[in-house]
Each structure stands twice: as C-alpha cells, then as structure tokens.
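> Could you look at this predicted model? Sequence included:
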Amino acid sequence: MRFGLFDEHEKILLRKCIVYYSAIASESTPSEFDLSNIDKVTQNQIKRELNPVLRSKEKFDLQTSQSQVKTWLADLLKLEDNEWKFLDAFREKEYHPELLFESGEILERIKNHPMALWKCSQK
C-alpha cells in the first residue's frame, strides 16, 4: 500500500482473484468480505513474527496499519456487478468464470479448474 505497488489495472485483477479464490476455497461462497480478523492480530504476534524481519530502525504501528489495511481492502473489495453475479452463480452451483475474467490466458487456464468444477458439482 505504502509504496503503491499496484496500479489501477492490477488492483482490478487482484480483486477478481480474491473473488475467485474466495469462492472456490471457502466452505461457503461469501456474500460479503469480513475484515474483522485484521483486528485479531496482536502486538505479541507482531513482535514474534514481523519484527525479526524488519530493518533494525524500522518501527511498526499495529493500530495504524490495521486501520489503513481495512480502509484499503474495504475500497478494493467494492465489487462490480459481474463479480457479484459470479458469486451468486457459484453459490447456486453454476460456474461462470467469464463473469470475472475476459477471454484470454486467465480464463483459458481456469475454465476447467478442478476445485471450482468439483464444488459446483456438489449438491
């Protein structure tokens, strides 16, 4: 976020990937994206897992970071109509990846995704 690693096109692709993998990897197809787990990260976890990989003088403000990440993700995850349609169809056991991705390499690679096809075959 801070370094602007994603341009607008990449943010759109990231959102579509999040929608896609949320559908095929979660137990139930999401109808919303709950960001509350971000608040469950503790200062002890940061101290134990993040601080060892930071530069020695770099400080990490957990509360500020949590707020910024939630704001950024809430903005990123404002879904477009076709993204909602993909999730709605997937919930109904219909697999329509073309609702997320235009024809091309990505669509070609995922049109027969085993997990997506299996989940849609389960009644």
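Ah, there it is. Numbering: from 1, shown residues only.

> quick one: the strands in the protein?
Ranges of strands in the chain, per DSSP state E: none exist.

> Look up how far residue 77 lies from residue 37.
Residue 37 sits 14 Å away from residue 77, going by CB to CB, to the nearest Å. Where you see a C-beta, it was placed from the backbone N, CA and C, and this is true even at glycine.

> And for residue 24?
According to CB to CB, residue 24 and residue 77 sit 17 Å apart.

> go on, residue 96?
Residue 96 sits 20 Å away from residue 77, going by CB to CB.

> What are the contacting residues of the lengthiest helix in the chain?
When the chain is parsed with DSSP state H, its longest helix is helix 8-25. For helix 8-25, contacts defined as CB atoms under 8 Å, 6 or more residues apart in numbering pick out 6, 29-30, 33, 76-77, 79, 83, 86-87, 90, 97, 100-101, 110, 113, 115-116, 119.

> now the end-to-end length of stretch 84-102.
Length of stretch 84-102, first residue to last, CA to CA, to the nearest Å: 15 Å.

> tell me which residues in it are buried?
Across stretch 84-102, burial judged by 16 or more other CB atoms under 10 Å covers 86-87, 89-90, 95, 97, 99-101.

> Relative to residue 64, which of the residues you listed is nearest.
Distance ranking of these against residue 64, using CB to CB, places residue 87 first at 31.5 Å.

> any idea of the pLDDT on residue 42?
We have a pLDDT of 95 for residue 42.

> Run a quick neighbour tally on residue 34.
The number of residues packed near residue 34 is 7, by other CB atoms under 10 Å.

> what bits of this structure have low per-residue confidence?
By pLDDT under 70, the chain contains no weakly predicted segment.
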